[in-house]
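K.L.:
just to be clear, the model below is a prediction. Sequence and coordinates:
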Amino acid sequence: MIHAEYLMFGDGGTIPNNPDLPVMLVQGALPQYNAAAICRQFESCGWAGTWTYVVFDYHHYHHDAHEALCVAAGWADIVLGGPVVGESFRLEAGDLIVLPAGTGHCLVASSSDFAICGCYPPGQTNYTIVRGRDGALARHGDYIAAVPLPETDPVFGADGPLLTGWGIHQA
């Protein structure tokens, strides 16, 4: 059974976060998958631009793309929401987070074997990395609101918890 948590973060000053869409966290979404299998699962659900690396160790966000991240190996403490309003989360192998456009994220600690896989909805792979600096928030609010919603959950496809949590395809 899939148990998703939905987390909202307010305006963090230089990190806007998303005022309408929550971060989705699913612990143990893909616990037995390696990096290559995680990327294949993302792609099978229609998400693109897959990669395996780490999360940057500075606060940043994407004003022009939603992003899904799944830990492939090890663990990491990642601050979601930015330095002012954010919270730290321990993510372990198999854990999935989906960040709506505008959501701050930053790596603060990790195991030596930490690796994470990322991907984006179709048409959002040419994303911009924005470091939370003065003035960015005012410029990016309209962009964040205009980012198209995905048609599928990045791991669970057409019936996944992202669709419910973000109000997509509800009757």
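P.N.:
Thanks, I have the structure now.
K.L.:
just the strands in this structure please.
P.N.:
Under the criterion DSSP state E, the chain contains strands at 4-7, 23-26, 48-53, 60-61, 67-73, 75-80, 87-92, 96-99, 105-110, 115-120, 130-131.
K.L.:
now the longest one, how far from the centre of its chain.
P.N.:
Using Cα atoms, centre = their mean, to the nearest Å, we find the averaged C-alpha position of strand 67-73 to lie 8 Å away from the chain's own average C-alpha position.
K.L.:
contact partners of it?
P.N.:
The contact list for strand 67-73 (Cβ atoms under 8 Å, 6 or more residues apart in numbering) reads 29-30, 33-35, 38, 42, 47, 52, 55, 91-99, 113-120, 127, 154-155. All C-beta atoms are positioned from the backbone trio N, CA, C, and that covers glycine.
K.L.:
that strand to strand 48-53, inter-axis angle?
P.N.:
Relative orientation of strand 67-73 versus strand 48-53 (axes from the mean of the first three to the mean of the last three Cα atoms, to 10 degrees): 40 degrees.
K.L.:
what pLDDT, on average, does strand 67-73 get?
P.N.:
For strand 67-73, mean pLDDT is 98.
K.L.:
in that strand, what's buried?
P.N.:
Across strand 67-73, burial judged by 16 or more other Cβ atoms under 10 Å covers Glu67, Ala68, Leu69, Cys70, Val71, Ala72, Ala73.
K.L.:
also the third one?
P.N.:
In terms of neighbour count (16+ other Cβ under 10 Å), strand 48-53 has its buried residues at Gly49, Thr50, Thr52.
K.L.:
didn't the last one look like it was pressed against Phe114?
P.N.:
No: between Thr52 and Phe114 no contact is recorded; they are 10.9 Å apart, counting by Cβ atoms under 8 Å.
K.L.:
what number of residues are in the vicinity of the residue found closest to Ser111 once you drop the neighbours it is linked to in the chain?
P.N.:
Spatial nearest neighbour of Ser111, excluding adjacent residues (Cβ to Cβ, 6 or more residues apart in numbering): Gly74 at 3.6 Å. Residues lying near Gly74 (other Cβ atoms under 10 Å) number 16.
K.L.:
and Pro122, by the same measure?
P.N.:
Pro122 has 13 neighbouring residues, counting by other Cβ under 10 Å.
K.L.:
skipping its backbone neighbours, what lies nearest it in space?
P.N.:
Leaving aside its chain neighbours, Pro122 sits nearest to Ala48 (5.6 Å; criterion: Cβ to Cβ, 6+ apart).
K.L.:
ok, the residue nearest to Ser111 to Glu43 distance?
P.N.:
In this view, Gly74 and Glu43 are 23 Å apart by Cβ to Cβ, to the nearest Å.
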